[in-house]
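**Q** here are the coordinates; sequence isn't available:
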């Protein structure tokens, strides 16, 4: 016989699939009360964060959750998130192309916007699955398709701690840190692997922009693009103990895209990095000095000013790398004349320390 408390608990589960226990909200997938059908769990996720996102805890239980629509869990305060299940994004390409949330950089957007103050996100055996193969096939090796979503964006956050996060088959970039400071991301695993003839273009492990005081430590990234990239106005970034398979290694940039928005990347350290079968290893890239309406990056840009200063690449071991060390101020154009115009951006105090590499070709560096 069920007790009254048991009946109350069951009723709470069945009605919304958010079970509250004081300041803790437990999430269960809607599919359990819809005969296993793929029902969108985003409304329940929003409900849980509305109830427990301030001075509370949100727990994704050990189940599979279907994320069929955009997720916006921002404005959190003193919140703990525990991910024990799988978050599975839908493959509804037309929906995501028209509904993903703009992040303010280039033409990029995100499937999940996450942020707050004093927030901890723990991956306790759970994972985020972007269903990226659909995007690799649909995109067909093109760059920066508008609306193709970043898996999760950490935005407007202060004192954010992320640990044991696992992201597989990211749709686009796996993670993006923007307008945030004092961010720690430890023990992160990202794997975007294609099983078709189309490559995993633009599947960066992480990008930072307009953010400062960031630690990224103990990462493994399988990607077709930047492993970790510090985009414009990233300051005091420390990346440590990272292994990258494929892609473009550790990257500064690209910067200098917008004439009215100077980019300053300063005080950045990449150390204890191992790259395997990458295009680049330690890489600094900027746009050309003149604005171009069309570029190989998929959108317009160039002509922006700024400064790249005090950058350290230390203790690198690069295996079968196409070009281990590269600095270029003309990344997205083939116009040689435009490449002579990058005068308004300065690159100084760049340090390469204890670098070992095997190059795929007969060039080890282009600086």
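**A** The structure has been received and is ready for your questions. No experiment lies behind these values; they were computed from the predicted model shown. Numbering: from 1, shown residues only.
**Q** ok, now how distant is residue 259 from residue 354?
**A** When distance is defined by C-beta to C-beta, to the nearest Å, residue 259 is 38 Å away from residue 354. Placement of C-beta: from N, CA and C, glycine included.
**Q** ok, the two, which is more surrounded?
**A** Neighbours were tallied for residue 259 and for residue 354 using other C-beta atoms under 10 Å; the higher tally belongs to residue 259 (16 against 11).
**Q** Assign a three-state SS to the residue lying closest to the more buried one once chain neighbours are set aside, would you?
**A** Counting by C-beta to C-beta, 6 or more residues apart in numbering, residue 259 lies nearest to residue 303, which is 4.2 Å off, once chain neighbours are set aside. When states are read from DSSP: H, G, I helix; E, B strand; the rest coil, the local structure at residue 303 comes out as coil.
**Q** from here on, count from 33
**A** All right, first residue 33 from here; so that's residue 335.
**Q** Double-check residue 335 against residue 288; I have them as touching.
**A** Yes - in this structure, residue 335 is within contact of residue 288 by C-beta atoms under 8 Å, at 7.4 Å.
**Q** Quickly list what's touching both of these two.
**A** Listed as contacting both residue 335 and residue 288 by C-beta atoms under 8 Å, 6 or more residues apart in numbering are 319, 320, 321.
**Q** Quick one, which of the residues you listed has the minimum pLDDT?
**A** Per-residue confidence over those reaches its minimum at residue 321, where pLDDT is 75.
**Q** I'd assumed that one was in a helix, is it?
**A** No - when three-state DSSP is applied, residue 321 is found to be coil, with no helix at that position.
**Q** Residue 333 is in contact with that one, correct?
**A** No - Residue 321 is not in contact with residue 333 according to C-beta under 8 Å; the separation is 11.2 Å.
**Q** Tally up the residues packed near residue 228, please.
**A** Applying other C-beta under 10 Å, we find 9 other residues in the vicinity of residue 228.
**Q** Excluding chain neighbours, what is closest to it?
**A** The spatial neighbour of residue 228 that comes closest, neighbours along the chain excluded (C-beta to C-beta, 6+ apart), is residue 169 at 5.5 Å.
**Q** looking at this protein, which helix or strand is least sure?
**A** helix 36-48 (a mean of 39; mean pLDDT, DSSP states H and E).
**Q** Give the next helix or strand downstream of it.
**A** Elements were assigned by DSSP states H and E; along the chain past helix 36-48, the next helix or strand is strand 50-53.
**Q** So which bits of that following strand are buried?
**A** The neighbour-count criterion (16 or more other C-beta atoms under 10 Å) identifies 50, 51 as the buried residues of strand 50-53.
**Q** Starting from it, tell me which strands it pairs with and how they run.
**A** Strand 50-53 has the following strand partners under DSSP bridges: strand 56-59 (antiparallel).
**Q** List the contacts of the partner strand.
**A** Outside of strand 56-59, the residues that reach it under the criterion C-beta under 8 Å, 6+ apart are 49-52, 73, 76-77, 79-81, 83-84, 88-93, 97.
**Q** Quick check: strands, which of the residues you listed are part of them?
**A** Of those, the ones assigned to strands by DSSP state E are 50, 51, 52, 88, 89, 90, 91, 92, 97.
**Q** Residue 112 touches residue 89, doesn't it?
**A** Yes - using C-beta under 8 Å, residue 112 is in contact with residue 89, at 4.4 Å.
**Q** Need the mean per-residue confidence for stretch 363-380.
**A** On average, stretch 363-380 scores 65.
**Q** Equivalent analysis for stretch 281-297, please.
**A** Averaged across stretch 281-297, the pLDDT comes to 91.
**Q** and it, how far apart are its ends?
**A** 17 Å (C-alpha to C-alpha, to the nearest Å).
**Q** Alright, calling it a day.
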